[in-house]
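K.L.:
I would like the atomic coordinates for the input below:
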Amino acid sequence: MSVDVAMTPAPAAPRVEWGGWVFPRWNDPRLPFAALLTLYGVLGFTFFGFNRSPGQMAFLVVSGTLLDAALGWLLKRQKVVPLSAYISCCSLALLLNYSHASTLLWLPVWLAIGSKYVLTFQGRHVFNPSMFAVAVSLLVTRELITAAPAYQWANGEVALSAFIVMAALVLFFFRVGRGWLVVSFLGFYALQTALRAFILRHHLPPEVLFLGTLGAPSFFIFVFYMLTDPATSPGTRKGQVLLALAITCVDLVLHLKESVYTFFYAALTVATCRFVFMHARAAWRAGGRESLRRLGSPDVLRRVGVVGGLG
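P.N.:
Below is the predicted model of the structure:
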């Protein structure tokens, strides 16, 4: 009997322990992921002319990894090398523009890392950390933290998009078991873009909308590096297709009010609905009194207190 890899959740990569610390193994799919995002950052500061400094990216990465390691020890008594935090902070450095003041760097870092310890269900985080931090930062700060300007990719937008896609396909895409999620999302989103192009045909050439939407590096970073997170996405074929359809439909509704980076807001909306549904279903099955007891447990209060105090 054959097994469909795309329907099977990706197994956790084996880890090694040394001196009480847990290190990722060499075949951990997050390692090439981290290397690619680092390469994008290096290219951005040396070739594409990002309007941020290498020091700001270094601050994001160092502060985020230290915060993750500290919270892991304080709240879970775990000594884990914060590779996931490194990946999340690299994404923040690529996708957010924080040139107004370096002190603003703390907000997306706190949102990304803190969400892993507070917004959880049965001990696992529900929101992709970088997606959560990007969407919430854009929503609550308005002009103080904005999406990275389109001109930062202007020296090679199409070439970089192709590189992002090919690197993802070759290095780790087929290892995380999220093929149905990516393929269905790209299909649904292409149809949605075609519908918007038809509606706007008298105001905007269709090819401009297609190239501007489906050719942007930020779009492919979202699709291949956030959407496919095994920890926060379904492992079954049906779940992946439904998630792709839900994000696409919410994105279409959001385009009535906003036209830039709505896929981040759509993903946040769908993840929030999923988070509330999972907790509501668990509360219904366990009974109201039991669910309240769990919400008021010392562990939950400690996590909320520590992360909220830092905020």
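K.L.:
from here on, just use CA atoms for contacts and neighbour counts.
P.N.:
Noted.
K.L.:
report the rounded mean pLDDT for the helix of greatest length in the chain.
P.N.:
Identified as the longest helix of the chain according to DSSP state H is helix 262-286. On average, the pLDDT along helix 262-286 is 90.
K.L.:
same thing with stretch 223-241?
P.N.:
Rounded mean pLDDT across stretch 223-241 is 87.
K.L.:
same check on stretch 122-133?
P.N.:
The model assigns stretch 122-133 a mean pLDDT of 91.
K.L.:
what comes into contact with it?
P.N.:
Residues from elsewhere that reach stretch 122-133 (Cα atoms under 8 Å, 6 or more residues apart in numbering): 88-89, 91-92, 108-109, 111-113, 115-120, 222, 226-227, 229, 231-232, 264, 267-268, 271-272, 275.
K.L.:
does residue 82 touch residue 69 like I think?
P.N.:
Yes: taking contacts as Cα atoms under 8 Å, residue 82 lies within contact range of residue 69: 5.9 Å.
K.L.:
buried residues in the helix or strand hosting residue 70?
P.N.:
In the assignment (DSSP states H and E), residue 70 maps to helix 54-76. For helix 54-76, a neighbour-count test (16 or more other Cα atoms under 10 Å) marks 54, 56-57, 59-61, 63-65, 67-72 as buried.
K.L.:
what's the first helix or strand after it?
P.N.:
helix 83-95.
K.L.:
orientation of that next one relative to helix 54-76 in degrees?
P.N.:
150 degrees (axes from the mean of the first three to the mean of the last three Cα atoms, to 10 degrees).
K.L.:
now for residue 286, how many residues are close by?
P.N.:
Counted with other Cα atoms under 10 Å, residues neighbouring residue 286 total 12.
K.L.:
go on, residue 124?
P.N.:
13.
K.L.:
try residue 50
P.N.:
Residue 50 has 20 nearby residues by other Cα under 10 Å.
K.L.:
for residue 142, same thing?
P.N.:
Neighbour number of residue 142 under other Cα under 10 Å is 10.
K.L.:
same thing with residue 305?
P.N.:
Neighbour count for residue 305, taken as other Cα under 10 Å: 13.
K.L.:
can you read off the pLDDT for it?
P.N.:
89.
K.L.:
before we move on, what about residue 167?
P.N.:
Reported pLDDT for residue 167: 60.
K.L.:
before we move on, the earlier item: and the longest helix of the chain, how far from the chain's centre?
P.N.:
Distance, stretch centre to chain centre, for helix 262-286: 16 Å (Cα atoms, centre = their mean, to the nearest Å).
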